[in-house]
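need the 3D shape of this:
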Amino acid sequence: MVGLDGRVEARFSAIQAIFGTELAYIDAELRAAAAGGEKPATEAALHLVRAGGKRVRPLTVLLSAACFGPVPEAARELAVVAELVHSATLLHDDVIDDSRERRGEQAARQVWGNAVSVLAGDLLLTHALERTWRAAPPALSELLLTLRRLVDGEVVQLRGRARLDPSEATYFRILEDKTASLFGWAARAGAIVAGAPPTELAALGVFGERMGVAFQLIDDALDYAGDSSETGKALLSDLGEGKVTLPLVLALARNASLSSALAAATSGDRIAAEALGERVRDMGVCDEVRRRAAKETERALSALAEVRPSPAREMLRMLATELTARTR
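Numbers count the residues shown, from 1 in each chain. Predicted coordinates for the structure are as follows:
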């Protein structure tokens with residue numbers, strides 16, 4: 001599994017084994033949905049879906065539902081939806097960011113062009129909305145709100161291309177909307193179709209969002225100090241795409257003179273990006289990002305404690321804890 005160290009991969013494998021039937025169904029449905037349209041949009045969508053992924057969001061849906069009994073059919077459908085939405089955002093993000101790679105493969109935009117990649121993402125979104133409306137109408141209104149947050153977060157991040165805003169407030173606004181919102185929906189969606197009481201439903205929503213924040217913080221740290229052969233993307237790819245993530249925000253706060261090197265690094269100058277990345281790493285800010293991720297995980301687990309004890313709750317705890325412990 002790309003991007004996970006040996007211990008985390010073993011824990012993931014244990015959870016995946018329990019949900020092997022559901023995950024096989026999800027993968028089959030993802031491919032069917034990606035193929036459900038016109039070429040070349042379907043080819044671009046399939047290219048991304050076949051590249052794999054951690055499937056953390058679908059697992060979150062399934063485990064949240066399992067906290068309240070046997071996993072209902074609607075939860076399996078919403079698990080597919082969670083990955084469809086995530087895949088759609090990746091296809092769109094790669095166009096906005098001029099990305100060259102995704103999941104260790106050429107980005108779809110590199111093969112079929114930007115227009116096709118956008119339409120492929122739109123295709124997956126329509127399948128996600130249709131599936132939610134058909135299988136679990138009570139989860140649709142929250143999904144629409146989540147999609148709005150995803151768009152808002154992307155717009156705020158895009159504004160940073162024209163006027164750099166290296167503030168923590170802006171960084172966390174983007175993170176909450178672009179990443180945490182879908183994790184929160186995944187946790188709530190499983191609970192909704194499983195008939196969770198309002199208090200436990202709310203607790204799982206908080207759990208999902210805080211886990212999503214921690215997950216992204218670790219990804220941001222790994223962009224500076226990870227292993228590109230394991231993460232499936234080049235180091236400093238975020239920096240090269242003009243994204244100001246927390247390691248850089250913290251480094252700029254400690255040493256404002258770094259801003260002079262930032263323009264070149266975020267304009268696609270690989271040599272400048274590597275030089276700035278080395279300076280950021282040497283300041284030890286990635287360790288601080290990891291500490292913050294650990295605190296977010298603590299917040300997630302505090303919310304999770306409000307959910308009734310069960311093997312599924314324990315697996316959610318394990319999922320959140322091990323994702324924060326990733327080293328590659």
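
list the buried residues of stretch 132-152.
By neighbour count with 16 or more other C-beta atoms under 10 Å, stretch 132-152 contains the buried residues Thr132, Ala135, Ala136, Ala139, Leu140, Glu142, Leu143, Thr146, Leu147, Arg149, Leu150, Asp152. Backbone N, C-alpha and C define where each C-beta goes, glycine included.

oh, that last question was meant for stretch 274-283, not what I typed.
For stretch 274-283, by 16+ other C-beta under 10 Å, it's Leu276, Gly277, Val280, Arg281, Met283.

for the first one, give its distance to Ser259.
Note on Leu276: its distance to Ser259, by C-beta to C-beta, to the nearest Å, is 10 Å.

with the last one instead?
Counting by C-beta to C-beta, the gap from Met283 to Ser259 is 14 Å.

quick one: which of the buried residues of stretch 274-283 is nearest to Ile18?
Arg281 (37.9 Å; C-beta to C-beta).

what's the following helix or strand after the helix or strand hosting the closest one?
Counting by DSSP states H and E, the element that carries Arg281 is helix 270-282. Using DSSP H and E, the helix or strand that follows helix 270-282 in sequence is helix 285-304.

from the contact counts, what lies against that following helix?
helix 198-225, helix 246-254, helix 311-324 (3 or more C-beta pairs under 8 Å, 6 or more residues apart in numbering; DSSP states H and E).

and the second one, what's buried?
Judged by neighbour count (16+ other C-beta under 10 Å), helix 246-254 contains these buried residues: Leu246, Pro247, Leu248, Val249, Leu250, Ala251, Leu252.

after that helix comes which helix or strand?
That would be, after helix 246-254 and using DSSP H and E, helix 259-265.

picking up where we left off before, now for the helices and strands packed on helix 285-304, which one comes closest to Val49?
Among these, helix 198-225 sits nearest to Val49 (C-beta to C-beta), with 20.2 Å.

got the angle for that closest one vs helix 246-254?
Put simply, helix 198-225 runs at 70 degrees to helix 246-254, going by axes from the mean of the first three to the mean of the last three C-alpha atoms, to 10 degrees.

how far away from the center of its chain is helix 198-225?
On the basis of C-alpha atoms, centre = their mean, to the nearest Å, helix 198-225 sits 9 Å off its chain's mean C-alpha point.

check stretch 165-177 too.
Distance, centroid of stretch 165-177 to centroid of chain: 16 Å (C-alpha atoms, centre = their mean).

possible to save the buried residues of stretch 274-283 as JSON lines with distance to Ala41?
Below are these laid out as JSON lines (distance: C-beta to C-beta, whole Å):
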{"residue": "Leu276", "distance to Ala41": "37"}
{"residue": "Gly277", "distance to Ala41": "35"}
{"residue": "Val280", "distance to Ala41": "38"}
{"residue": "Arg281", "distance to Ala41": "39"}
{"residue": "Met283", "distance to Ala41": "44"}
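
any chance of those residues in a markdown table, with distance to Ser302 and pLDDT too?
As requested, these are arranged in a markdown table below (distance: C-beta to C-beta, whole Å; pLDDT from 0 to 100):
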| residue | distance to Ser302 | pLDDT |
| --- | --- | --- |
| Leu276 | 36 | 83 |
| Gly277 | 34 | 81 |
| Val280 | 31 | 86 |
| Arg281 | 31 | 86 |
| Met283 | 30 | 88 |
